[in-house]
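Colleague: Okay, sequence plus prediction incoming.
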Amino acid sequence: MGQIMNKIGAIIFDLDNCLAAADEAGEALFAPAFDAIHAANHGHLSEAQLRAAFHDCWRKALDVVAREHGFSDEMLRAGWQAFRRIEVKQSLRGYPDLPEIASLPLARFLVTSGFRRLQESKIAALGVDHLFVEIHVDAIDEEPRSSKRAIFADIAARHRWEGCEVLVVGDNADSEIAAANALGMPAVQILRRGVPPAQNTPWRIKNFAELSKLIPKIHSAAGR
C-alpha cells in the first residue's frame, strides 16, 4: 500500500467539522454575533428565519448565510463586526480520531475559511500545528480575499504536484469539495455528525482511521 499511497503527494484538510466540531467551544461562542444580528434585524426576518440562519452559521461563512437567508445590509454589517472580535480562549480537543492524521506518511496541509482571529484561535486551541507542514486561513474579513480554490492551487503549484496528486478532505460540498473538483483534485467527504452526504464526490469516510484504506481505492478508480 505504501507505493500506492506515494502517488498522492499531499493531503489538504479542512478545519471545522473535519478536525473539530464547529461548536466544540460551546454555542455561547457565537452569541455576541447572533445578538448583534438580532438587534439589527428590525423585523426584517421572523424569529424562525433567524434561528435557521444562526443554525447555518455553524457550517457556512457569514457572507454565504447572509445571502442565502436574505440578511439586510445592516444585519450583515452588525454580524461581521461582532464575528471579527470573537476568539476561542479555552483548549479544544477535536474529534477523537484526530491523532490518526499523524500516521499518514504524506505532506499534510490545513486550509480553513472564516474570520482570521476566530480561525487562528481555534487552531491554537487545538494545538495541531505539528501535524501540518503549512497552515492557511482564507480570511473572509481581509482584502484582497483569497479563496480555498486559490490556496489549493498555490500549494500544488509551489510543490510541483499535479491536481490528481493532492487529496482534499473536508465536510462541505460547496466549499473545499467544490474547490477540489474545480482543480481536478480528488475529494473525500468526512461525515461528521449532522453533515449531509455530498453529491459532488463519491468518496466518503466516517473517521480518519478509514482514510488510509480509502486512498488505494481512489488510485484504482483514477487508473481506469
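Modeller: In hand now; what should we look at?
Colleague: Touching, I151 and V137? I think so.
Modeller: No - I151 is beyond contact range of V137, at 9.1 Å (criterion: C-beta atoms under 8 Å). Quick note: C-beta positions are derived from backbone N, CA and C, even for glycine.
Colleague: which neighbours do these two share?
Modeller: The contact sets of I151 and V137 overlap at V111 (C-beta atoms under 8 Å, 6 or more residues apart in numbering).
Colleague: What's the mean pLDDT across the longest strand anywhere in the chain?
Modeller: Counting by DSSP state E, the longest strand found in the chain is strand 107-114. For strand 107-114, mean pLDDT rounds to 97.
Colleague: what's downstream of that strand, the next helix or strand?
Modeller: Using DSSP states H and E, the helix or strand that follows strand 107-114 in sequence is helix 116-126.
Colleague: what is the orientation angle of that following helix with strand 107-114?
Modeller: 140 degrees (axes from the mean of the first three to the mean of the last three C-alpha atoms, to 10 degrees).
Colleague: Which neighbouring elements make contact with helix 116-126?
Modeller: strand 107-114, strand 134-139 (3 or more C-beta pairs under 8 Å, 6 or more residues apart in numbering; DSSP states H and E).
Colleague: What residues sit buried inside that helix?
Modeller: By neighbour count on 16 or more other C-beta atoms under 10 Å, the buried set for helix 116-126 is 117-123, 125-126.
Colleague: Now these in CSV, please, with extra columns for pLDDT and distance to A61.
Modeller: Compiled in CSV, the buried residues of helix 116-126 are given as follows (pLDDT from 0 to 100; distance: C-beta to C-beta, whole Å):
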residue, pLDDT, distance to A61
R117, 98, 15
L118, 98, 11
Q119, 98, 11
E120, 98, 16
S121, 98, 17
K122, 98, 14
I123, 98, 17
A125, 98, 20
L126, 98, 20
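Colleague: which residues in this structure form strands?
Modeller: Using DSSP E, strands in the chain cover 10-13, 107-114, 134-139, 166-170, 187-190, 203-205.
Colleague: Could you save the ones you listed as CSV and add columns showing mean neighbour count?
Modeller: Listed next are the strands of the chain as CSV, based on neighbours: other C-beta atoms under 10 Å:
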stretch, mean neighbour count
strand 10-13, 23
strand 107-114, 22
strand 134-139, 20
strand 166-170, 26
strand 187-190, 24
strand 203-205, 17
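Colleague: who wins for proximity to I215 among the ones you listed?
Modeller: strand 166-170 (7.1 Å; C-beta to C-beta).
Colleague: now the closest one and strand 107-114, what's the angle there?
Modeller: Using the same axes, to 10 degrees: strand 166-170 against strand 107-114 is 40 degrees.
Colleague: Low-confidence bits of this protein, can you list those?
Modeller: 1-6, 222-224 (pLDDT under 70).
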